[in-house]
Each structure stands twice: as C-alpha cells, then as structure tokens.
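Participant: All I have is the shape, not the residue letters:
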C-alpha cells in the first residue's frame, strides 16, 4: 500500500511538472525594465531618498545595506533587555534532542 | 483615517502601515522558530497590502536580513549556531544565490518568471513534505519498537538517516563541526549551500525553507542547530540578496523598516520558543507550514490552466497563507508564553527557600 502511494505521489508530481516546463521553454527576448521613483508627491527625507534612488543605485544600495543590519541590532538589543527583565534565561537551552 | 496610510517613496503606492507591522510580527515568530526568512508568507502579504510584485520580493529580502540578524543573535546565545558550518556554507550560498538571481532576471525578460518559479516551488515543497513526514513516521516506528523491546529510544535517534550515507563520502578536506557534532567532507556543506543558494536566488527567498531540512537530512545537524545555523545563512544571503535586489532597484526600504518593528518582537518570541519545544515538535510544525505553503502556491498555479478561476484561487491562496501564518504564530506564541511562565515560576521556587 505504501509503495502504491509513493508511486502515485511521484507520478502525479511528474505529470504536473512537465507541462509547466514545456511552457517555460517558450517566449522571446524583451528589453529590460527601468523603474523611476515619482518624487512630485514627496517632501523632506522621503523626497531625498527617492531622489537618491533615481540618481545613484550604488549609493542607494550602500545605505540600504548599512541601515537594515543597524536597525536589526538596535531592536535585538532592546528585546534582550526586555526579555532579561521578564526573567527568561537567554543563555541556556536544556532540551538536547535531534 | 488617512494617517494609517503611508506613501512609499520608491514604489509610489499608499500602504496601510499597521498591516506591515502585523505581517512583520507573524513572519518574525515563524522565522525565528523554524529558521527561515518566510518569503512565502511575506511576498503574498505585501502583494495583498498593495505592493507591486517587483517590489514585494526585494522589500521582503531586505526586511528578512534585519530580522534574521535579531534571531541569529538570540540563537547564538543559546549555542544553536555552528559558525564554522555557517562560514563554510557562505561561499556556496552567495555564488548560488547570484546565479539564481541572474536566472530570474533572464526569466523576467522572456516573460516566464511566475510559471517557472511556482512549479519549482511546488516540486520542492512536495519533496520537503515527503521528507519531514516520512522522517517523523519512521522515528515513531523506532520508538514503538524500542518500547516493545522494553528499551528507551536514544534521544539523538532519527527517522531518516540519509546523512549517515553522505558522511561516508570521505573526499578531503574533512571537517569537524563541533557544535553540530558532525565529522564530514567539507564538500558536503559546500554543495548543499550551492544548490540551496541557487534555489533561493531563483525563488527570491532567503532559502531557509530548503536549507533547514537540508541541514537536518543531508548534513545531519540536530534540529535546533539546523534552525540557528540556517538563520545565520538567511541573514548573510538576505544581506547579499538585499544588496543585489536594491541595486536592481527593487527594494522599498521604508516598508522594510516598518516591518522590522513587528519582526523584532516576533523574532524574539519565535526564537525563545525553541527553548521549550523538542526537535521533532519543531520538525512536525515545520511540515505543516510547508504543506500550507505548497497549497497556496498550487492555488496560484490553477489559473494558468483555468483562467476563469483566477479570482477564486487568488482569494483561496490568500486565506490559506493567512490561516497557516496565524495558526502557527498563535501555537508558537502560546508555547513560548507557557514555557517562559514555567521557567520564571521554577526560578522563583528555587529562590524561595533561600529567601525564607
């Protein structure tokens, strides 16, 4: 019975997959898309941010990659303080199972 | 109620910001608990909130990098991260991710991206579901057999033991991964990271959904170490992914930061919950998450063949994702709160005689 279900499982998987792959092989070349931020409705820091996006994707990328982990670390440290204050041991895990 | 909406400077759409925070909390809980970024939940979630698909993937990866950093910090303190394994896998993850991301750009140009990505997703998810539940079934069988023989099953026993076959491959250099308790060829984690990184790049995800079970079933990590080490990888590939997608102009940082507010809380809850739940409990819950994900992706594929059903299947897929995310988040949060209560009570009880 188990073998039957295994065969049914894999054969239905293959029959579902093949038509999709055939569709995926088609299509022709299309020019790459260029996205531009609309700064007309923005002001202050948002306008500056959107302006940077339009002018330099390099600067925009560097700032994004710096800001994200920085904010992550700050939030992580705040949560550490809160959890320790509640009384949860944040340094040990007793459960040791595979 | 206009104050509840914020104009996204890059995508140019107005978004309901509390929705971003709620989405962040849910995905933070599940991500911290299972060791994954949770792109399969966030991307449709962002789409529902009004983000164009092109921005949904990049924004998701950017927030994932920050959230995984929070979870990795916590798992690292529990001793759940094998940094040596993480660094060995890093090279393969980055190279594989870039190849996958380039392939997605090519697929986007020929207009076949959604179809290929969804089929690949379905194939992978069905395979992972098979692995997880056949592992759980086999372990339960071993438990029953041990019980009948009047013995207790070894705590480190597993159902599927594919990793033992892979460990027999002795191609130098060999590495000893102390935290994970593994001695194997360095090529094993490198190849696993290359393939999982490539799949992550193609699917536009951090790769946790694929890498976490690969670490368990192919590399042979204990569940908790797999979760922690995988989050380290999700963090690194998320940072790299954020850089490449941002450079291609597909990231909305403002949305990612708003989501991080919720994800920071959720990630802590999910990570601390792993303290109170056994490895196989995590595996079974993970299997349920994968099934929910597979159903939602399958529903999204139906209109390719039956266009008239699009409205119904889109709605049904959204309902499935939201139900799975809510149910799992509630389950994990309840287990975390109960576990923390027990721990605090036990601490107080142990201090009481000294106080008296």
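Facilitator: Yes, it's here. A quick note: this is a predicted structure, and the numbers were derived from the prediction, not measured.
Participant: Could I get the average pLDDT for stretch B:148-156?
Facilitator: Averaged over stretch B:148-156, pLDDT sits at 81.
Participant: and it, does that touch chain A?
Facilitator: Yes. Remark: stretch B:148-156 sits within contact range of chain A at B:155-156, by C-beta under 8 Å from any C-beta of the partner chain. Every residue, glycine included, has its C-beta placed from N, CA and C.
Participant: near chain A at all, the helix or strand harbouring residue B:344?
Facilitator: Using DSSP states H and E, residue B:344 maps to helix B:310-355. Yes. Helix B:310-355 is in contact with chain A by C-beta under 8 Å from any C-beta, via B:340, B:343-344, B:347.
Participant: Which per-residue confidence value corresponds to residue B:312?
Facilitator: pLDDT, read off for residue B:312, is 90.
Participant: can you check residue B:205 too?
Facilitator: In this model, residue B:205 carries a pLDDT of 69.
Participant: on that earlier part again, which one of the residues of helix B:310-355 next to chain A has the most neighbours?
Facilitator: Neighbour counts for the residues of helix B:310-355 next to chain A (other C-beta atoms under 10 Å in any protein chain shown) peak at residue B:340, which has 20 neighbours.
Participant: Just list the residues touching the nearest residue to that one once chain neighbours are set aside, thanks.
Facilitator: What sits nearest to residue B:340 in space, not counting adjacent residues and going by C-beta to C-beta, 6 or more residues apart in numbering or on different chains, is residue A:88, at 5.3 Å. Contacts of residue A:88 were listed using C-beta atoms under 8 Å, 6 or more residues apart in numbering or on different chains, and they are B:272, B:340, B:343-344.
Participant: Can I get these in a markdown table including distance to residue B:167 and pLDDT?
Facilitator: A markdown table is the format used below for the contacts of residue A:88 (distance: C-beta to C-beta, whole Å; pLDDT from 0 to 100):
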| residue | distance to residue B:167 | pLDDT |
| --- | --- | --- |
| B:272 | 32 | 88 |
| B:340 | 37 | 89 |
| B:343 | 36 | 88 |
| B:344 | 41 | 88 |
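Participant: in the helix or strand where residue B:140 lies, what counts as buried?
Facilitator: Secondary structure from DSSP H and E places residue B:140 in helix B:113-148. Of all the residues in helix B:113-148, those buried under the rule 16 or more other C-beta atoms under 10 Å in any protein chain shown are B:113, B:115-126, B:128-133, B:135-136, B:139.
Participant: before we move on, what about stretch B:178-187?
Facilitator: Across stretch B:178-187, burial judged by 16+ other C-beta under 10 Å covers B:179-180, B:182, B:184-185, B:187.
Participant: which residues of the chain fall in strands?
Facilitator: With no chain named, the answer covers chain A. Taking DSSP state E as the test, none of chain A falls into strands.
Participant: if you could check chain B rather than the one you did, that'd help
Facilitator: According to DSSP E, the strands that chain B contains are B:5-7, B:14-16, B:174-177, B:182-185.
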